[in-house]
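Q: following is a predicted model, sequence given first.
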Amino acid sequence: MRFPRVDRVAPHLHPAAPGVKAQKLVGLRMRFETNVAAGGSHTCARRSTGRLYCWGYDQWGQVGDGEPLANRAAPTEVEGHTTTWTQVDVGNSHSCARINARRISCWGNDGAGLLGNGEPDQNQAAPVEIEA
């Protein structure tokens, strides 16, 4: 399964969009050497070790630590697959990450079936693997 590039799906969210400037994450004591994705009110980042962290607003469980409604001001490790995450991307109120070439998990707001787990409107506070 191929996924479209974010700059083609949502060009206004692409890092190279005009007027968008990178911001330094002040106060974080972790280094995220690889993939970082920012949504409407939360951010997720993957370390080179394969561990995945999210932080920010968590009304629908989009931080992925199993505790919905627990906003996080600092990176919090996402539940499950602790060292095997290979890629992460986020929407406004949900997150999805690739475990390997054939496995993807999503969590957060499932309005209109955003998570792809076959159960629309069932928000998830921890990753749920998508059957493809």
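A: On my side now, so go ahead. Residues are numbered from 1 along each chain as shown.

Q: could you pull out the helices for this protein?
A: 6-9 (DSSP state H).

Q: can you tell me the centre-most residue of it?
A: S95 (3.4 Å; CA atoms, centre = their mean).

Q: what bridges to it?
A: V90, W107 (DSSP bridges).

Q: tell me where this protein has strands.
A: 36-38, 42-46, 52-56, 72-77, 87-90, 94-100, 103-108, 124-130 (DSSP state E).

Q: format those as JSON lines; extra columns: mean pLDDT and distance to G118.
A: Quick note: C-beta positions are derived from backbone N, CA and C, even for glycine. Putting those into JSON lines (pLDDT from 0 to 100; distance: least, CB to CB, whole Å) gives the following:
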{"stretch": "strand 36-38", "mean pLDDT": "94", "distance to G118": "24"}
{"stretch": "strand 42-46", "mean pLDDT": "95", "distance to G118": "23"}
{"stretch": "strand 52-56", "mean pLDDT": "95", "distance to G118": "23"}
{"stretch": "strand 72-77", "mean pLDDT": "94", "distance to G118": "27"}
{"stretch": "strand 87-90", "mean pLDDT": "95", "distance to G118": "20"}
{"stretch": "strand 94-100", "mean pLDDT": "93", "distance to G118": "15"}
{"stretch": "strand 103-108", "mean pLDDT": "94", "distance to G118": "12"}
{"stretch": "strand 124-130", "mean pLDDT": "94", "distance to G118": "9"}
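
Q: closest one to G116 among these?
A: Nearest of the strands of the chain to G116, taken as CB to CB: strand 124-130 at 4.6 Å.
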